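Undergrad: Build the 3D model from these lines:
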Amino acid sequence: MHGRPVVVEPGSESNPSHPNRWRILGVLVLALVVTSIDHTIINVALPQLVEGLTASSADLQWVVASYTIVFAGLLLTAGSLGDRFGRRPALAVGMAAFMAGSVVSAMAGSTTTLIIGRCVMGVGGALIMPTTLSILVNVFGDAHERAKAIAVWTAASGLGIALGPIAGGLLMRSFSWSSVFWINVPLLVVALLGTMHLVPDSRNPDATRLDLVGALLSIGTVGTLVYIIIQAPGQGWTSRATVAGLAIAATVGVMFVVWELHRDEPMLDIRLFANHSFSASSVALSLLFFAMAGTVFLQAQYLQFILGYTPLVAGFALVPAALGMILGTGAGAHMNAKLGGRIAVAAGTLIAAAGVAVQAGFIDGTTYIPTGVGLLLFGLGAGIAMPAATELIMATLPPSRAGVGSAVNDTVRELGGALGVAVIGSIAATLYAASLESKLARFPGISDPERHLLTDNVGSALHTSGQLANGTGIASVARTAFVDSMSASLWVAAGLAVTATVIALGYLPRHDHPGSTEATHGSVVQVDSVAVGDVHSQG
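TA: Modelled structure (predicted):
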């Protein structure tokens with residue numbers, strides 16, 4: 001692909017569409033699906049990690065959360081790198097890093113090595129995800145086509161998360177847990193070849209300088225916060241270490257905001273959040289992904305440890321979420337076009353909250369029905385809300401700053417996911433340990449090391465109980481303690497999803513139909529008075 005660069009003048013609405021835009025979208029979707037699947041494909045392997053790598057409850061949370069922590073912490077920097085040095089090179093480097101991290105994870109012999117590999121994958125994912133969206137925005141010049149492409153992109157991201165457990169279950173039917181990482185390699189090879197052959201390069205000619213201090217402060221904030229939350233069940237939520245850690249995370253977060261406000265060329269223009277469309281959409285997305293990640297993390301264990309499903313059956317048991325998301329994306333696009341993003345986001349988050357509430361209120365450890373119905377509703381709501389919220393965020397910025405807008409969009413999603421696993425997982429772990437500790441009083445003769453294994457996580461409890469005299473009774477009360485703790489934790493997720501609905505209704509603009517000049521460009525004048533053009537190198 002060769003051609004003369006096309007320059008879009010500041011403020012121009014004539015950004016031309018690329019002739020191969022739909023084939024390019026296919027390549028971008030493939031790369032995106034791989035990164036999205038890896039958020040959840042590991043969940044069905046958690047029981048095998050408990051046995052194969054003797055993983056503790058905190059280890060399991062770190063295996064899941066380490067990927068999203070690095071992902072979220074680097075997204076803003078990665079978006080800036082793509083804008084500055086070229087989005088196609090950033091996408092290619094991200095794929096290479098993701099493949100390298102997948103190989104390290106697949107060959108890991110300990111949870112420490114596995115976590116390191118997952119961190120490397122997070123680096124690659126941070127380069128891939130915002131780059132795919134910013135390339136999409138630049139190759140689709142027509143506003144209506146761009147809205148459809150964003151809906152496809154959003155659906156691919158959500159479906160990857162929903163289908164991850166299915167893919168993991170299929171793989172582990174014949175292979176070990178490492179197969180959930182090996183599968184990434186051939187998929188990314190195909191995506192990399194498609195990138196080099198089809199995807200044009202683009203960059204922001206007035207991209208800001210790299211903000212290394214801001215990058216370190218953002219990573220420090222997210223990493224410290226998630227670390228403290230994950231460690232809190234063992235240290236105590238009111239312990240000196242937990243309180244001090246939360247204070248440090250808050251301090252570093254304030255330092256990040258102050259630093260960015262005083263930079264001439266900030267990595268993240270904090271003033272963007274003064275725009276209600278931008279900030280409310282960002283918060284709603286973050287809370288939605290918070291609920292999604294926390295729910296899937298617990299459901300993967302519930303289906304296997306409590307209902308006794310195999311990894312494959314557990315994966316297919318999550319299909320209603322994917323089905324709901326497919327239905328929701330179509331309904332959401334229609335609702336967004338007819339009623340506007342405010343109604344679509346509010347309706348979607350409320351339906352998603354209802355889905356979590358069904359699971360929280362009706363799971364009892366004996367039947368799948370509440371899980372299936374709840375996941376279907378949640379997927380439906382997420383499918384309705386996510387495309388509209390994403391489009392509202394991206395419409396705030398001109399195409400030349402698509403990398404920044406995409407990075408913020410992805411950051412709030414990943415931050416919500418990381419906090420969802422950390423907070424929901426930690427609340428569940430705390431409640432589980434307290435509930436089981438009280439129930440173990442009726443079983444004399446349990447040593448302190450055995451008690452620690454029993455109260456750490458339900459998988460360890462089921463394994464340890466098989467070696468004890470009263471094993472059957474202990475396993476039964478462990479399952480009951482897990483179900484009770486899961487129910488209470490999911491009510492927290494449901495409450496936050498309802499909060500997203502309230503924010504959408506209260507702060508999103510009432511007139512924001514996609515494709516309108518006001519919706520697509522009006523906020524750019526307020527946020528970025530000089531809307532610089534973009535350069536497309538067709539090669």
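
Undergrad: Count the residues that sit near G164.
TA: Using other Cβ atoms under 10 Å, G164 has 26 neighbouring residues. All C-beta atoms are positioned from the backbone trio N, CA, C, and that covers glycine.

Undergrad: got the residue ranges for the strands in the protein?
TA: Here the chain has its strands, by DSSP state E, at 6-7, 201-203, 535-537.

Undergrad: Low-confidence regions, the stretch 101-250 of the chain specifically.
TA: Within the stretch 101-250 of the chain, the stretches with pLDDT under 70 are 158-159, 161-162, 204-208.

Undergrad: now do 80
TA: Residue ranges of the stretch 101-250 of the chain with pLDDT under 80: 130, 141-143, 147, 151, 154-166, 201-211, 222-223, 226, 230-231, 233-235.

Undergrad: show me what contacts A232?
TA: Shown in contact with A232 (Cβ atoms under 8 Å, 6 or more residues apart in numbering): S239, T242, S426, T430.

Undergrad: What distance do you get for it to R88?
TA: Relative to R88, A232 is positioned 42 Å away (Cβ to Cβ, to the nearest Å).

Undergrad: hmm, back to that, reformat the contacts of A232 as CSV; add distance to L76 and neighbour count.
TA: Below are those laid out as CSV (distance: Cβ to Cβ, whole Å; neighbours: other Cβ atoms under 10 Å):
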residue, distance to L76, neighbour count
S239, 32, 13
T242, 27, 18
S426, 26, 24
T430, 32, 18
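
Undergrad: with those residues in mind, which one is nearest to M292?
TA: S426 (16.9 Å; Cβ to Cβ).

Undergrad: Now do the same for that closest one: its pLDDT.
TA: On pLDDT, S426 comes in at 87.

Undergrad: repeat for L397
TA: Taking L397 on its own, its pLDDT is 67.

Undergrad: Pull the most distant pair out of the contacts of A232.
TA: Based on Cβ to Cβ, the longest span within the contacts of A232 runs between S239 and S426 and measures 13.0 Å.

Undergrad: so L188 touches V93, yeah?
TA: No - with contact defined as Cβ atoms under 8 Å, L188 does not count as touching V93 (12.0 Å).

Undergrad: of the two, who's got more company?
TA: L188 (23 against 19).

Undergrad: The more buried one: what's it in contact with?
TA: A31, V34, M95, F98, M99, S102.

Undergrad: Any idea how many residues pack against G109?
TA: Residues within reach of G109, counting by other Cβ under 10 Å, total 9.

Undergrad: Just give the nearest non-adjacent residue to it, would you?
TA: Leaving aside its chain neighbours, G109 sits nearest to L53 (7.8 Å; criterion: Cβ to Cβ, 6 or more residues apart in numbering).

Undergrad: My read is that that neighbour contacts S110, right?
TA: Yes - using Cβ under 8 Å, L53 makes contact with S110 at a distance of 6.2 Å.

Undergrad: Who has more neighbours out of these two?
TA: L53 (19 against 12).

Undergrad: That one and A45: what is the separation?
TA: Counting by Cβ to Cβ, the gap from L53 to A45 is 10 Å.

Undergrad: try A247
TA: Distance, A247 to A45, by Cβ to Cβ: 35 Å.

Undergrad: So between those two, which is more surrounded?
TA: A side-by-side neighbour count of A247 and A45, using other Cβ under 10 Å, places A45 first with 25 against 12.

Undergrad: if I read this right, the more buried one contacts W177, doesn't it?
TA: Yes - judged on Cβ under 8 Å, A45 makes contact with W177 at a distance of 4.0 Å.

Undergrad: Can you report how many residues lie near the nearest residue to L49 once chain neighbours are set aside?
TA: Excluding the flanking residues, the one nearest L49 by Cβ to Cβ, 6+ apart is A55, at 4.4 Å. Burial measure for A55: 24 neighbouring residues, criterion other Cβ under 10 Å.

Undergrad: Just the pLDDT for A55.
TA: The model reports A55 with a pLDDT of 76.

Undergrad: quick one: it and P47 touch, right?
TA: No - using Cβ under 8 Å, A55 makes no contact with P47, being 9.7 Å away.

Undergrad: Tell me how far M107 lies from I37.
TA: Counting by Cβ to Cβ, the gap from M107 to I37 is 19 Å.

Undergrad: what residues are up against P509?
TA: So P509 contacts H276, S277, G340, G341, R342 (Cβ under 8 Å, 6+ apart).

Undergrad: Name all residues that make contact with the closest residue to the fourth one other than its chain neighbours.
TA: Right, the one you point to is G341. Computed as Cβ to Cβ, 6+ apart, the closest residue to G341 that is not its neighbour in sequence is A388, at 4.0 Å. Contacts here follow Cβ under 8 Å, 6+ apart; on that basis A388 touches G332, M335, N336, G341, A344, V345, G348.

Undergrad: go on, V33?
TA: A156, S157, L159, G160, L187.

Undergrad: what does G294 give?
TA: G420, V421, V423, I424, G425, S489, L490, V492, A493 are the contacts of G294 under Cβ under 8 Å, 6+ apart.

Undergrad: Could I have the ChimeraX command that selects the buried members from the residues you listed?
TA: Buried subset of the contacts of G294, written as a ChimeraX selection, criterion 16 or more other Cβ atoms under 10 Å:
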select :420,421,423,424,425,489,490,492,493
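
Undergrad: and which of the contacts of G294 is nearest G253?
TA: Nearest to G253 among these, with distances taken as Cβ to Cβ, is V423, at 16.1 Å.

Undergrad: State the distance from that closest one to S489.
TA: 9 Å.

Undergrad: ok, back up a step: lowest pLDDT pick from the contacts of G294?
TA: Confidence-wise, V421 trails the rest of the contacts of G294, at 81.

Undergrad: Quick check, that one in contact with Q61.
TA: Yes - V421 is within contact range of Q61, at 6.2 Å (criterion: Cβ under 8 Å).

Undergrad: so what's V29 closest to, chain neighbours aside?
TA: Closest residue in space to V29, ignoring its immediate chain neighbours: A156 at 4.4 Å, by Cβ to Cβ, 6+ apart.

Undergrad: If you could redo that for L74, that was the one I meant.
TA: A126 (3.7 Å).

Undergrad: for the stretch 1-150 of the chain, what spans make up the helices?
TA: Residue ranges of the helices in the stretch 1-150 of the chain, as given by DSSP state H, counting those that start in this stretch, are 21-40, 46-52, 57-85, 87-106, 111-139, 143-174.

Undergrad: For G365, find the nearest of those.
TA: Proximity to G365 (Cβ to Cβ) singles out helix 46-52 among the helices of the stretch 1-150 of the chain, at 16.3 Å.
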